[in-house]
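> heads up, no residue letters with this:
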């Protein structure tokens, strides 16, 4: 008991006895004055109305707008800059950043001296960047609504959340719309991006040199590209939705030793999945549905395991040109192919015959697009019949030795389905910009 009393006394003494809750009136320079006079541990409750920015937070304090107050910048620099440790910014509307990419003008900017910042339940509107986590380790951005700029070409806008050289960042449960990329992470590791909604962006999640991280349970709707993993290793991409994205649902570009599992790409993308020079990845239990190409596999990608995936109703299930066979089953479990007329006489859930999703004529068509004029010719039909009857005549390509009889089912929540329906056909109707966008051109 004596030891317990000593520990309790030590905890009480360690707490800042001067910490208090202060109400800050709106208007004038009251907010700057309150911040300058705040002691570590103080909670500043911002009264309803407009508070003038910009402000810099260096001490361990909390700004709480209780969803009734706004901080408005001068359209120069960032609106709220966090430089200290254990600072919370909550329940505010934040607007009025500058327009400089050089200084990364943001609604909230966390610089490298900051640690363990918490930015939650804010509405961050019309800033060049929403939240910039710039070297601030172990920061959390949670439950915010971030609406970016629309007054520039998409590639010239800022990101909803920009993570640079920030270990342990968590971006969770945010609603991010417009701007350039929803989350752009560069040169960081051990990040978690979970449960976010991304709409009307270039990339929903854009990875560059970011290892040992998690991208899970996010929803990408109506973007140019859903989830782009570039030059990154050991990333867990789990249970995400890509609905009505235009170019690709998931792209692996120099991404290695990652797990891509339980994801749904649906709604007419050019390519549900694009795998480019990516190695030793597990791609399992995903559903790729209704795309022009289910999966485009190229550039020497090797030692990837594909199992349990469903390829449903894609115009071309697989695009792969190679001289060797690539086996797409793992430990006796292959994938489901909606165009495979299979039988399962022993009832084990696996088809009784192997499946090749493309043949010699596909290879000719991909390398010589003008050959499409001959696809209905009797000679072409004879070649295809010969290959189906005599498999030894087939070129190298994808082989699934153990196709599945039933597809994996991945549900879309009703509210997300409604948002996806609203975005349906947007790209085909030409209601967007940056039509010449190439996701690999700048990498």
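Received the coordinates, thanks. Please read all numbers here as calculations on a predicted model, not as lab measurements. Numbering: from 1, shown residues only.
> how many other residues sit next to residue 415?
Look at residue 415: counted by other Cβ atoms under 10 Å, it has 10 neighbours. C-betas here are computed from N, CA, C, even on glycine.
> make sure it is indeed in a helix.
Yes: under DSSP: H, G, I helix; E, B strand; the rest coil, residue 415 falls within a helix.
> which residues in this structure form helices?
Secondary structure of the chain (DSSP state H): helices at 2-14, 30-37, 360-367, 378-389, 414-423.
> low-confidence stretches in the stretch 301-443 of the chain?
Within the stretch 301-443 of the chain, the set of residues satisfying pLDDT under 70 comprises 321-323, 359-396, 425-443.
> how does it look with 50?
Along the stretch 301-443 of the chain, segments meeting pLDDT under 50 span 361, 392, 430-432, 435, 443.
> where are the low-confidence patches of the stretch 1-150 of the chain?
Scanning the stretch 1-150 of the chain for pLDDT under 50 picks out 8-15.
> can you give me the strands in it?
Secondary structure of the stretch 1-150 of the chain (DSSP state E, counting those that start in this stretch): strands at 21-24, 43-46, 49-52, 55-57, 62-72, 80-82, 88-95, 106-110, 118-120, 123-125, 129-134, 140-142, 145-147.
> can you put these in JSON lines and add distance to residue 283 and mean neighbour count?
JSON lines is the format used below for the strands of the stretch 1-150 of the chain (distance: least, Cβ to Cβ, whole Å; neighbours: other Cβ atoms under 10 Å):
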{"stretch": "strand 21-24", "distance to residue 283": "51", "mean neighbour count": "14"}
{"stretch": "strand 43-46", "distance to residue 283": "47", "mean neighbour count": "20"}
{"stretch": "strand 49-52", "distance to residue 283": "49", "mean neighbour count": "18"}
{"stretch": "strand 55-57", "distance to residue 283": "43", "mean neighbour count": "20"}
{"stretch": "strand 62-72", "distance to residue 283": "42", "mean neighbour count": "20"}
{"stretch": "strand 80-82", "distance to residue 283": "39", "mean neighbour count": "25"}
{"stretch": "strand 88-95", "distance to residue 283": "39", "mean neighbour count": "23"}
{"stretch": "strand 106-110", "distance to residue 283": "34", "mean neighbour count": "30"}
{"stretch": "strand 118-120", "distance to residue 283": "34", "mean neighbour count": "21"}
{"stretch": "strand 123-125", "distance to residue 283": "35", "mean neighbour count": "22"}
{"stretch": "strand 129-134", "distance to residue 283": "29", "mean neighbour count": "30"}
{"stretch": "strand 140-142", "distance to residue 283": "29", "mean neighbour count": "22"}
{"stretch": "strand 145-147", "distance to residue 283": "30", "mean neighbour count": "22"}
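> which one of these lies nearest to residue 278?
strand 129-134 (26.4 Å; Cβ to Cβ).
> point out the other helices and strands that the closest one packs with.
strand 106-110, strand 161-164 (3 or more Cβ pairs under 8 Å, 6 or more residues apart in numbering; DSSP states H and E).
> I'm done for today, thanks for sticking with me.
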